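Visitor: okay, here's the prediction I keep looking at, along with the sequence it came from:
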Amino acid sequence: MLELFKAGGWVMWPIAFISILALAIVLERLWTLRRKSVLPPGLGAEVRDWARHAHLDPKHIDALRSNSPLGEVLAAGLDVRRRPREVIRERIEDTGRHVMHRLERFLNTLGTIASAAPLLGLLGTVIGMMHLFLGILDHGVGDVAQLAGGIGQALVTTASGMCVAIPALVFHRYFRGLVGAYVIEMEREAIALVDTLDGIAAPKPAPAPTPASAPGAPARRRSSAG
């Protein structure tokens with residue numbers, strides 16, 4: 001491996017750097033985007049149960065907000081639970097955008113690495129071919145070692161760039177799809193909470209008056225005995 005690294009020339013150093021950076025991003029996102037840490041199971045149903053039984057003191061809401069990204073979205077709706085439905089939805093949507101931005105953290109960097117690694121490999125290929133033709137110009141086609149060095153540098157850098165770019169692209173697409181799925185589920189839980197809060201805030205219909213007590217109804221005359 002060390003000999004291949006040396007054969008690739010100086011272009012191997014930036015390729016090695018971005019490969020380490022890509023690996024760190026992948027490991028960090030795999031840990032951060034675990035389903036149980038983003039969407040704790042049963043949290044939505046538990047919060048709706050809190051809302052139905054009015055167990056919504058500020059400590060509960062603050063603990064919910066720090067629980068998970070889903071908890072932060074639901075807590076945003078509970079903060080304005082006494083306001084109209086449109087206000088609750090807007091607050092949830094605003095918070096959801098911030099949460100989605102955090103879930104997509106480093107993904108642009110990973111996508112940039114997936115695009116830049118092949119270009120670095122191509123740069124190494126061009127430099128290797130330049131060394132090859134310069135060697136031919138100086139020593140002719142009889143110097144096999146010079147020719148092999150240029151071809152080797154071209155092939156090593158190209159392969160190294162592809163080896164970095166392919167996994168980075170795969171994980172970039174995977175994390176994008178995962179975040180999109182999480183956002184859809186958070187929207188579903190948020191809508192269910194808004195419906196619950198709307199049902200709690202809706203006024204109960206007044207009981208219909210009975211015929212005996214209806215206003216304007218003629219009173220019954222008592223029949224007189226005899």
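Guide: Cool, the structure landed.
Visitor: what is the burial count for Phe175?
Guide: Burial of Phe175, expressed as a neighbour count using other CB atoms under 10 Å, amounts to 23. No exception for glycine: its C-beta is placed from N, CA and C like everyone else's.
Visitor: right, and it touches Glu28 too?
Guide: No - look at Phe175 against Glu28 with CB atoms under 8 Å: they stay out of range, at 10.6 Å.
Visitor: shared neighbours, those two?
Guide: Here Phe175 and Glu28 share no contacting residue, scored by CB atoms under 8 Å, 6 or more residues apart in numbering.
Visitor: what's the local residue count around Leu178?
Guide: 16.
Visitor: brain fart, Leu119
Guide: 11.
Visitor: tell me who's in contact with it.
Guide: Taking CB under 8 Å, 6+ apart as the definition, contacts of Leu119 comprise Gly161.
Visitor: so for it, what's the pLDDT?
Guide: pLDDT recorded at Leu119 is 93.
Visitor: element containing it?
Guide: Assigned by DSSP states H and E, Leu119 belongs to helix 107-139.
Visitor: where is the longest helix in the protein?
Guide: In the chain, with assignment by DSSP state H, the single longest helix is helix 144-201.
Visitor: return the list of helices and strands in contact with that one.
Guide: When contacts are defined as 3 or more CB pairs under 8 Å, 6 or more residues apart in numbering; DSSP states H and E, helix 144-201 sits against helix 2-7, helix 12-32, helix 43-52, helix 69-79, helix 85-103, helix 107-139.
Visitor: which strands and helices sit next to the second one?
Guide: With contacts defined as 3+ CB pairs under 8 Å, 6+ apart, the secondary structure elements packing on helix 12-32 are helix 2-7, helix 107-139, helix 144-201.
Visitor: any idea of the mean pLDDT in the last one?
Guide: In this case it means helix 144-201. Mean pLDDT, computed over helix 144-201, is 86.
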